[in-house]
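In: Starting from these lines, generate the structure:
(one chain, ligands or ions: 1)
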Amino acid sequence: MAPSDSRSKWAGLLDLTLDRASDQPLFQQVYLLLRGAIVAHALAPGTRLPSTRGLAEHLGVSRTSVLSAYEQLLAEGYAVGHPRSGTYVSDDVPPAITPVEPMAGRLDEVPRRALSAAGARYGAFGATIGPVADAAFATGCCSIDAATVEAWRRIGARAMRGLDPLNLSYADPLGEPALRQEVAEYLRASRAVVCDPDQIIIVSGAQQAIDLSIRALIDPGDAVWVEDPGYLATRSALTAAGARLVPVPVDEHGLRVGSGIAAAPTARAAYITPSHQYPTGAIMSMARRLDLLAWAAETGGWIIEDDYDSEFRYVGRPLASLQGLDRSGSVIYVGTLSKVLFPGIRLGFAVVPKPLVDAFRGARFLTDRHPPALQQAMAATFMHQGLLTSHIRRMRQHYREARDVVVDAIGRHMGDLVDIEVPECGIQLVVHFKEPISDLAVAEAAARHGVTVRPVSPLYIDQPARQGLVLGYSGFDLHRLRSAAADLARATRSAAIRGLA
Ligand SMILES: Cc1ncc(COP(=O)(O)O)c(C=O)c1O
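Out: Numbering: from 1, shown residues only. Below you'll find the predicted structure:
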């Protein structure tokens, strides 16, 4: 092949340019450009590639960069070398893919018939999910201080350096034994949960524990008690799975067990947040706890206890878990590191009665096999070194201060408009409007003022909906919380005036 001939075949390469501002090494850019041209058949099979020196000069890179790119093309079979003759595009490159003509009509419209009934329900819920909010008063945001950041970095760096082969292969669907051991010790000591490590399943947050509970325990059509008002994500998961929701009212003593029994005595399960009812903040009284456990023992109903943020208690000692009182193996205890550490970690745990372990193990395997091993190893080390408990101690002080700042600032800026429910624990509080003001309208106005609040009224099912707002105070500095209270007051007054107009 005459040089001028081959030069014309790779003439297109002469237009190639490299991005010198990119983080990508130059040799890799040269390799990708050549590979792209070969795969697209811009360089036909059998074409002789330019000499490494010639291409290096043309592109203004070192010859080593071009040599490395050619070596990679040779190693991957895109090019073949002929001794003393040069490097050629391989004959073996698959033909270029012919672009398919777009189909008439809209490809993004999935026909309704393609969804199962459950799929349609998931779709209805999916359409309501908005972007993740991080403006002041958004719920579910957490603070981590410099000590925890530093500890997490150190543990992460060590885990990556060591890269234990055990963390690279398939693992136990129930979770890493070391982490389950730490979680068992932590729950026994701090929440009076009665458990062995072999009853613990590590999950990707409380939401997955709820999902696995539904898979293992609930059939479509089964009645399930839910708190009214209550936590929307669990309610939606139950609805999507085809369960029949039985709303049970909540008062200052928590779930009204008698009302649940009257409405659906043989319900399959009850989902509750006894240590800090969501959203009211009520703590379930001992009498109600015992009534609920007696109902479960008598009827065989399951209790799903969501203990989502009980660690942050500001008055007295934390109340023991409901699970710790259970003598009939009825309680599935659900905990999460989302609130106690940070939500992005996506780690939580369920403690299940021993006869349920296989069902949860199977459901976990068949949904996503097991939790990521490296992340679990890091969490186990964090807990083993006592860092979780010291983090909780520090954050408890910080969140208590944040709560007090919000109570004070809301009282000063809008005390005439709302009643503030001062929580004894947790990372959010509820305010209720004294006058008939629409919480949905206030939430919209607040968003325009750069504040994210959750209206309370959509959390009710059957009970007369109260108008109020859930305010998260855990993810923001005190200054931001103070100015957000002033913004929220302005937004509420503007919504109230508009409501009267
Ligand atoms: C009642 C309740 N349970 C559980 C969770 C936490 O869920 P996850 O652990 O999946 O982040 C939340 C978070 O907002 C919650 O409000």
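
In: May I have the residues that are in contact with the residue in the stretch 51-200 of the chain that the ligand sits nearest to?
Out: Relative to the ligand, the nearest point of the stretch 51-200 of the chain is G140 (4.5 Å; CB to the nearest ligand atom). Placement of C-beta: from N, CA and C, glycine included. Contact analysis of G140 by CB atoms under 8 Å, 6 or more residues apart in numbering lists 338-339, 343, 472, 475.

In: so of those residues, which ones are in strands?
Out: Residues of the contacts of G140 located in strands (DSSP state E): G472.

In: Can you tell me which residues in the stretch 101-250 of the chain are near the ligand?
Out: Counting by CB under 6 Å from any ligand atom, the residues of the stretch 101-250 of the chain close to the ligand are 140, 205-207, 231.

In: The residues you listed: which two are farthest apart?
Out: Using CB to CB, the pair of these lying farthest apart is G205 and Y231, separated by 13.1 Å.

In: ok, which stretches of the stretch 251-400 of the chain are helices?
Out: 257-263, 286-299, 337-340, 357-368, 373-384, 387-414 (DSSP state H, counting those that start in this stretch).

In: ok, longest strand in the protein?
Out: Ranked by number of residues, the top strand in the chain under DSSP E is strand 244-251.

In: next SSE after the worst-scoring helix or strand of the chain on mean pLDDT?
Out: Across the helices and strands of the chain, mean pLDDT, DSSP states H and E gives its lowest value to helix 3-9, namely a mean of 48. Later in the chain than helix 3-9, the nearest helix or strand by DSSP states H and E is helix 26-39.

In: Give me the mean pLDDT for the following helix or strand past that next one.
Out: Going down the chain from helix 26-39, the next helix or strand is helix 52-59, by DSSP H and E. When pLDDT is averaged along helix 52-59, the result is 90.

In: again, but for stretch 133-145
Out: 92.

In: Also stretch 465-480?
Out: pLDDT averaged over stretch 465-480 gives 96.

In: then it to CSV, C-alphas only?
Out: Extracted C-alpha coordinates of stretch 465-480, given in CSV (Å, rounded to 0.1, in the frame of the first residue of the first chain):
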residue,chain,number,x,y,z
ALA,A,465,-57.5,16.9,58.3
ARG,A,466,-55.7,19.5,60.4
GLN,A,467,-53.9,22.2,58.6
GLY,A,468,-50.3,22.5,59.6
LEU,A,469,-46.7,22.1,58.5
VAL,A,470,-43.8,19.6,59.3
LEU,A,471,-40.6,21.6,59.8
GLY,A,472,-37.3,19.7,59.7
TYR,A,473,-34.6,21.4,61.7
SER,A,474,-31.7,18.8,61.6
GLY,A,475,-29.9,19.6,58.4
PHE,A,476,-29.3,23.4,58.7
ASP,A,477,-27.2,25.8,60.7
LEU,A,478,-28.9,27.9,63.3
HIS,A,479,-28.5,31.2,61.4
ARG,A,480,-30.3,29.6,58.4
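
In: Show me what counts as buried in that stretch.
Out: Of all the residues in stretch 465-480, those buried under the rule 16 or more other CB atoms under 10 Å are 465-476, 480.

In: and what of stretch 437-453?
Out: Quick answer for stretch 437-453 (16+ other CB under 10 Å): 437-439, 441-443, 445-446, 449, 451-453.

In: Show me the residue at the heart of the protein, geometrically.
Out: R346 (5.3 Å; CA atoms, centre = their mean).

In: Tell me who's in contact with that one.
Out: By CB under 8 Å, 6+ apart, the neighbours of R346 are 204-205, 338, 375.
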